[in-house]
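Enquirer: What follows is a predicted structure for the sequence shown.
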Amino acid sequence: MLMLVLNVLFVLVAIAMIALILMQRGAGAQAGSGFGGGASATVFGSRGSSNFLSKATKWLAIAFFAITLFMAWHVTRTSQPGVAQQDLGLMAEVPPAPVPAAGDATVPPASAPAVPSAPAQPAQTQSQPPEQAQPVPQGD
């Protein structure tokens, strides 16, 4: 219930901050030009709109960050450490395969993939290499 109230308050403060920031005048704007001449002195008091809007924005920003920090602290304090359960769908119905123990003698060792063994010596071809050729007798 507390987090629901804080979430609603969080969104309302954020919207109010956006509205107040957009209502503030820029650095080069005339005082009260958004309200039509000198009307800002009567709407926001004798000092004009800049003082009211800047103070309201400051306090809303402080409230925004305070709510943010409190919600983060609250979530970390109430969260339960542990393994998160996954929704496996149809795979949740399949029983897990048994895992054999490391020293279990009844389990045959995993066989290596069948790789054709290479001969120890390469096959001899019909012609001999030049180093092993028989010398040809020369006639007298």
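Expert: Thanks, I have it.

Enquirer: looking only at pLDDT, what's the mean for stretch 23-41?
Expert: For stretch 23-41, mean pLDDT is 60.

Enquirer: Return the helix or strand in the protein with minimum mean pLDDT.
Expert: helix 40-43 (a mean of 53; mean pLDDT, DSSP states H and E).

Enquirer: Name the next helix or strand downstream of that helix, please.
Expert: Next helix or strand after helix 40-43 toward the C-terminus (DSSP states H and E): helix 49-78.

Enquirer: Which residues does stretch 59-73 contact?
Expert: Residues from elsewhere that reach stretch 59-73, judged by CB atoms under 8 Å, 6 or more residues apart in numbering: M3, L6, N7, L9, F10, V13, A14, A16, M17, L20. To be clear about C-beta, it is placed using only N, CA and C from the backbone, and glycine gets the same treatment.

Enquirer: pLDDT weak spots in this protein?
Expert: Scanning the chain for pLDDT under 70 picks out 27-50, 81-84, 103-137, 139-140.

Enquirer: As a check, name the ranges of all strands in it.
Expert: Remark: no strands are assigned in the chain by DSSP state E.

Enquirer: count of neighbours near V13?
Expert: For V13, the count of nearby residues is 20 (other CB atoms under 10 Å).

Enquirer: now do L20
Expert: Quick note: L20 (other CB under 10 Å) scores 19 neighbours.

Enquirer: Nearest spatial neighbour of it, chain-adjacent residues omitted?
Expert: Distances taken as CB to CB, 6 or more residues apart in numbering put T57 closest to L20, at 4.7 Å, once the chain neighbours are dropped.

Enquirer: From D87, how far off is the one you found?
Expert: For T57, the distance to D87 equals 44 Å [CB to CB, to the nearest Å].

Enquirer: Pick out whichever of these two has more residues nearby.
Expert: Each of T57 and D87 has its neighbours counted (other CB under 10 Å); T57 has more, 17 against 6.

Enquirer: Setting aside sequence neighbours, what's the nearest residue to N7?
Expert: Nearest non-adjacent residue to N7, counting by CB to CB, 6+ apart: M71, 7.8 Å away.
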